[in-house]
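*Asks:* Here's my sequence, what's the structure:
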Amino acid sequence: MKRKYVFPCLMALSVASGCIKEQGEEPFLITRDDIKEYDEKAKGSKKENKDSIAYTLVTAIGGFAEGEAKIDVLDTNTFRVFQSGAKKITDLDCYAEISAQYDNLELNGKTIGERGCVYSHTNKFPIVDGNGCESSSKYTIIKTDTDTETSFKSGCHNLDFNTDYYIRSYAVLLDENDEPCDTIYNQRVSKIHTTLPEDVWVQRNDVNFSNRSEAICCTVNNKIYLYGGKTGSTYFNDMWVYDKESDTWSQKATFNEGTSPNYSGTEKRANGAAFAYPTQTDIVIYIAGGEIDGKTPTEKVMFYSTANDRYCNEQDHPNYNTQVQLYDKNGKAQYEQKPVYDSEGNPMYDVSGNPVTEDDKSKPIMVTGVRSYVEDLPHPVRGNRAFVVNTNIGTRYYIGFGKNESDAMVATFYEYQVQYDMNNPNPVHKEEHILTWTASGSTQGNRARTGEGLYQPVCEVCGSRIIVGTGESSNGGLSKSFYQIKISDIGEVEMVAMAETPETFPARANAGSFFLTYQKNGETHERFYVGTGRTFTEGSSGNLLGDLWYYDFSQEQWGKARDFSNSTYAREGVTGYAITRKDDYDPDVKGLIQEEARGIFILGYGYHNDDPATKNYYKDSWEYLP
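*Replies:* Residues are numbered from 1 along each chain as shown. Got it, this is the predicted structure:
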C-alpha cells in the first residue's frame, strides 16, 4: 500500500512570466477513487469564492496533500532586460515567476524547508531531478504567519524563446531531524509559452571614441558616418564609421585645419546637419552649418568623400570634370549665337554695322565643371536639419530650421542645387561663382503655424516620408507636434500636420529618432520612433527625458514603447539611427528573423537614476528591438 499524507490545506498559485503567451492544464498525475468526492466537498465549503478550485497536492512518493487553491493566474509579458552582461538580443533573460501560498497545513510534526519551482519543456509532469526537468530552489518568503502558513515566490530563468514549458511549485518536507523526507508539488501543472523578444533595449558595446553629444550623423548604404560633436566647450573634427557586423566603430580621416587648401573655416563643430550625395564612383557627405564655439553658428559647408576618405578635394566634387552649361555672373545661361534675319531673309545689323545675333537655344555653351568647395549657406545656422526628398523631377536636397547668428529661429528651407555648384568659367569673372543654395520659401503649416521656425527638432526619413517635429518653436516654448514635409514639383515646402501626440507626451527639444520597418505576427509595421530630449528651452533648466514613443503609419496613431534603457539614463543630444542586424541570430531559436530592423541611440548628455547631480557626457550604445 502506498504511503499517504492527508492534511487539509489552502494553496494559491499564480505565475508571473516575462515570456508567457498561453496557458493550459494537464490531467491529474495520479487518480484516486475519492478524489472527485473530496473536490466536490471542498468546493461546497467555498461556494462564494468563484476564483477557487479544489484539488490535491501530490508528494514525490505518491501521497496526497488534499486542499483547495485558486486557479493559476498567468500575468502579461515582461522581459528581464538590462541585466549585466547582456550585449545582444539572445542574451536576454526569458523567465517565469511563480507565487505560491500554503495555508493551514497539518504537517503531523513535519516542517517546510526548501521551496521553489520545477519546469520542463518535454516532461508534462515535472519533478525535481526528473527526466528533462530543471528546478530553481531560489525563493523569497512573502509571509510566514505560522509554521504551517507561508507564501513564497520562485522564478525559473534563461528559458528558451518561443518554446512550450510545463511548470509548477514545490516544497520539501523536513522530518523531526530537519532532514528531507518528502516533496509536495502543485497538482495542477501550468503550461506556458515563451515568446520571441520584443519591445526591448539591449546595451551594445560602447563607442571607442570620446564621450560627446550633438554629433552630426549620416547613413550611407546601411553604414553610419558620424562627424564631430562636443563635450562641454570642446568640439571635435573627427569622422567615424560604424560596422554593424562587428558592432565596432572605425576612425576615418580627421579634418585638421589646413589639410585642404580649398576650404576656409572652422572644421570642429557640433549641432549641425549632413546629407549624402551619390555620384557614379562615390558617395559624398555634405556637412552643413552647426555650432563651432558655444552658441556661435557657422554658414560653412564641408564635403567628405567616403570612397577616398578625404575632405574638400576638387576631384571628389560631384561636378569634377563634368560638362555643364556655362552661366554668366548673374546666373544667366549662355548659348552660342546665331544671326537674326529680317522678314525678307536678309541678315540684320545694328547701327554700328555689327551683325545682330540671338541665343541659339539648341547650342548651349558647355564647359568643364570645376569646384573645390561648396557654396556657404546664406547665413550662419546651428541646430539645423537636413533631408533628402525624391520627387517627380528628381532627388532634392534641403537644409532647414535652426537658429541664426542673431539667435532667431529659422523658418526658411534652402535647396542645394548641385548643377550650379561650380566656379564661374567666364574669363572676366573667374573668381566669382554661381549661388548654390536657393531659398524654397518659408514653412507652410495646416495648423495655424505658417512661418514656424524650429530649433533642434527631430527630422527623420520614413520610407517615402519626411517627418519633422518637436524642438524649440518660434511660436514660443517647446513643440510636441509632428509634420510630414511635402515638396511640390517647383520645390515649395509644406508641413502637413500628423495626428496629435497623446496628452502624456512631453514637449521636448534635442531628442533622438529612428524609423523601423519590420514583420510581426504576419503584419508589416512601419513606425517612426522618437525619445529622450530636454523639457526646457536653451539657457533655462528643467528635466531630461528617457522615454520612447512611436507613430504607426498603418494605424495612423501614436503609442508608447519601452522607455529608453528602462529610464535608467535620461539625456539629450543623442544620435539616433536604424540598422538591420543578424549578428545575434541563433538558429536554435524558432522564429527568430535572421535580418531584423533595430533602432540605435548612442552618446548624449544627461544623467542616470533620476539624479541630476550625475550629469555627464556619454559614449554608450543602446539597441532597440521592436
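
*Asks:* Got the domain ranges for this structure?
*Replies:* 10-193, 205-213+477-485+493-626 (automatic domain parsing).

*Asks:* ok, of these, where does mean pLDDT dip lowest?
*Replies:* Among these, domain 10-193 has the lowest mean pLDDT, at a mean of 62.

*Asks:* and residue 306, what does it touch?
*Replies:* 220, 225, 282, 283, 284, 285 (CB atoms under 8 Å, 6 or more residues apart in numbering). (C-beta placed from N, C-alpha, C; glycine too.)

*Asks:* pLDDT at the fifth one, what is it?
*Replies:* In this case it means residue 284. 92.

*Asks:* is it true that it touches residue 301?
*Replies:* No: in this structure residue 284 lies outside contact range of residue 301 using CB atoms under 8 Å: 11.4 Å.

*Asks:* Between those two, which has more neighbouring residues?
*Replies:* For residue 284 versus residue 301, the count of surrounding residues by other CB atoms under 10 Å is larger for residue 301: 25 against 21.

*Asks:* Surely the more buried one and residue 286 touch.
*Replies:* Yes: with contact defined as CB under 8 Å, residue 301 counts as touching residue 286 (6.1 Å).

*Asks:* Give the intersection of the neighbour lists for the two.
*Replies:* Shared contacts of residue 301 and residue 286, counting by CB under 8 Å, 6+ apart, come down to residue 374.

*Asks:* Excluding chain neighbours, what is closest to residue 506?
*Replies:* Closest residue to residue 506 in three dimensions, ignoring its sequence neighbours and counting by CB to CB, 6 or more residues apart in numbering: residue 535, at 5.5 Å.

*Asks:* and if you look at residue 174?
*Replies:* residue 113 is the one closest to residue 174 (CB to CB, 6+ apart), at 4.4 Å.

*Asks:* so who does that neighbour touch?
*Replies:* Counted by CB under 8 Å, 6+ apart, residue 113 has contacts 171, 172, 173, 174, 178, 180.

*Asks:* can you put the residues you listed in CSV and add secondary structure and neighbour count?
*Replies:* What follows is the contacts of residue 113, written out as CSV (DSSP: H, G, I helix; E, B strand; the rest coil; neighbours: other CB atoms under 10 Å):
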residue, secondary structure, neighbour count
171, strand, 25
172, strand, 18
173, strand, 22
174, strand, 18
178, coil, 9
180, strand, 12
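
*Asks:* What is the nearest of those to residue 608?
*Replies:* When the contacts of residue 113 are ranked by distance to residue 608 (CB to CB), residue 171 comes first, at 40.1 Å.

*Asks:* Quick check: the gap between the closest one and residue 527.
*Replies:* 46 Å (CB to CB, to the nearest Å).

*Asks:* same thing with residue 549?
*Replies:* From residue 549 across to residue 527, the span is 10 Å (CB to CB).

*Asks:* Is residue 395 in contact with residue 389, as I believe?
*Replies:* Yes: counting by CB under 8 Å, residue 395 touches residue 389, with 7.2 Å between them.

*Asks:* the more surrounded of these two?
*Replies:* Per other CB under 10 Å, whichever of residue 395 and residue 389 has more neighbours is residue 389, with 19 against 11.

*Asks:* Which residue ranges of the chain form helices?
*Replies:* Along the chain, the stretches classed as helices by DSSP state H are 35-44.

*Asks:* Quick check: phi and psi at the spatially most distant residue from the centre of it.
*Replies:* In terms of distance from the mean C-alpha position of the chain, residue 344 ranks first, at 73.8 Å (CA atoms, centre = their mean). Per-residue torsions, residue 344: phi -100, psi 0 (degrees, to the nearest 10).
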